[in-house]
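Trainee: Fold the following, please.
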Amino acid sequence: MDKTTFERANERVHPVEKQWHYPILVAAGFVPKTREAVGFVRKYDYEHPDGRVVTCHTGINCDYWQSGDKRGYWGELESWCKSQGSGV
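Mentor: Numbers count the residues shown, from 1 in each chain. So this is what the prediction gives:
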């Protein structure tokens, strides 16, 4: 039985280096712990040498990040990093 185009597309592997959050978080000193993820809805974890952790979610409806009790949409990640003294 052939897979549908949708099913095949949902099996695509997405390397972290090509994601919206990668350049922002790497510039702020975070290291990606998730090197690749599969599908339309994905999650990538990053860790800073000081112990902070950020998880970025990429999905069908929205892209957002979370660190502890702080959370925001993709457009707010860079300003959050700056507010943490994490460069960028």
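Trainee: Is it correct that I24 is in contact with E78?
Mentor: Yes. Applying C-beta atoms under 8 Å, one finds I24 in contact with E78, separated by 5.0 Å. The way it works is simple: take the backbone N, C-alpha and C, and place the C-beta from them, glycine included.
Trainee: The helix or strand harbouring Y64 - contacts with which helices or strands?
Mentor: In this assignment (DSSP states H and E), Y64 forms part of strand 63-67. If you count contacts as 3 or more C-beta pairs under 8 Å, 6 or more residues apart in numbering; DSSP states H and E, strand 63-67 packs onto strand 53-58, strand 70-73, helix 77-83.
Trainee: among these, which is nearest N10?
Mentor: Go through these one by one with C-beta to C-beta and the one that ends up closest to N10 is strand 53-58, at 13.0 Å.
Trainee: what's the spatially most central residue of the chain in contact with, if anything?
Mentor: Most central residue of the chain, judged by C-alpha distance to the mean C-alpha position with C-alpha atoms, centre = their mean, is C56 at 3.2 Å. For C56, the contacting residues are Q19, W20, H21, L25, K43, Y44, Y46, D63, Y64, W65, L77, taking C-beta atoms under 8 Å, 6 or more residues apart in numbering as the criterion.
Trainee: How about it, nearest residue that isn't a chain neighbour?
Mentor: Taking C-beta to C-beta, 6 or more residues apart in numbering as the measure, C56 lies nearest to H21, with 4.1 Å between them; neighbours along the chain are not counted.
Trainee: can you check K43 too?
Mentor: Closest residue to K43 in three dimensions, ignoring its sequence neighbours and counting by C-beta to C-beta, 6+ apart: H57, at 5.4 Å.
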